[in-house]
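# the following comprises the amino acid sequence and a computationally predicted model.
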Amino acid sequence: MKRSDFGRIIYERRKELGLTQEEIAKKIGVKPNYIGYLERNLRRPSFKILKALANVLDLNPGYLYVAAFPHVRDFLPIDEERYVVKNLPYPAPLQELKEDMQLRKEHGITDDEIEMLAELRFRGYVRSKMDYLFVLLAIRKAISSG
């Protein structure tokens, strides 16, 4: 992670979710220009704001903290691999699919396939467990006909 990663993460995640700076600002109780400052790495958030941002953007707060304050790596034994994007929590719709054992059994969805879907990072674009099922079935069809 580079020092500029925090602003990039906030910006890209906001775009993925189709949110404006104004919408994010309203949800966390700040002015819209503050979100712009964060995205351009002109400000660092307080712990309260960072936690609210992580919640609104559905990001791992520890990952976001290390991105916002990269100097902590100099003082703490941080395992960098723990903070890569693939280790973020599952998006809610994928978590629903993961936990719906009846639907998984009906379609023969394996744990490996759930992990594959998590790696695709469709957050913000896939809005339901059925959307994830559609993506998985399309991938299976493409693989089997190729």
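Sure, I can see it.
# okay, CA-based contacts and neighbour counts for the rest of this
OK.
# distance of the residue nearest the centre of the chain relative to Ala25?
Centroid-nearest residue in the chain: Leu59, 4.6 Å away (criterion: CA atoms, centre = their mean). Using CA to CA, to the nearest Å, Leu59 is found at 16 Å from Ala25.
# how about Arg44?
Taking CA to CA, one finds Arg44 at 15 Å from Ala25.
# one more: Gly36?
Counting by CA to CA - Gly36 and Ala25 are separated by 10 Å.
# in a strand, Gly18, correct?
No - Gly18: not assigned to a strand; according to DSSP: H, G, I helix; E, B strand; the rest coil it is coil.
# low pLDDT regions in the chain?
In the predicted model, the chain carries pLDDT under 70 at residues 1-4, 73-90, 119-127, 145-146.
# helices of the protein, residue ranges please.
5-16, 21-28, 32-39, 47-57, 61-68, 92-99, 101-107, 111-120, 129-145 (DSSP state H).
# just how off-centre is the fifth one within its chain?
In other words, helix 61-68. 12 Å (CA atoms, centre = their mean, to the nearest Å).
# and the angle from that helix to helix 47-57?
120 degrees (axes from the mean of the first three to the mean of the last three CA atoms, to 10 degrees).
# what does the longest one give?
If you take the same axes, to 10 degrees, helix 129-145 sits at 60 degrees to helix 47-57.
# quick one: helix 129-145 to chain centroid distance?
21 Å.
# export that helix to PDB, keeping only CA atoms.
Only the C-alpha atoms of helix 129-145 are listed here, as PDB (Å, rounded to 0.1, in the frame of the first residue of the first chain):
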ATOM      1  CA  LYS A 129     -27.800 -13.300  -3.900                       C
ATOM      2  CA  MET A 130     -29.700 -14.100  -7.100                       C
ATOM      3  CA  ASP A 131     -27.400 -11.800  -9.000                       C
ATOM      4  CA  TYR A 132     -24.400 -13.700  -7.700                       C
ATOM      5  CA  LEU A 133     -26.100 -16.900  -8.700                       C
ATOM      6  CA  PHE A 134     -26.700 -15.600 -12.200                       C
ATOM      7  CA  VAL A 135     -23.000 -14.600 -12.500                       C
ATOM      8  CA  LEU A 136     -21.900 -18.000 -11.300                       C
ATOM      9  CA  LEU A 137     -24.100 -19.800 -13.700                       C
ATOM     10  CA  ALA A 138     -22.900 -17.600 -16.600                       C
ATOM     11  CA  ILE A 139     -19.200 -18.400 -15.600                       C
ATOM     12  CA  ARG A 140     -20.000 -22.100 -15.500                       C
ATOM     13  CA  LYS A 141     -21.600 -22.000 -18.900                       C
ATOM     14  CA  ALA A 142     -18.700 -20.100 -20.400                       C
ATOM     15  CA  ILE A 143     -16.200 -22.600 -18.900                       C
ATOM     16  CA  SER A 144     -18.200 -25.600 -20.100                       C
ATOM     17  CA  SER A 145     -18.800 -24.400 -23.600                       C
END
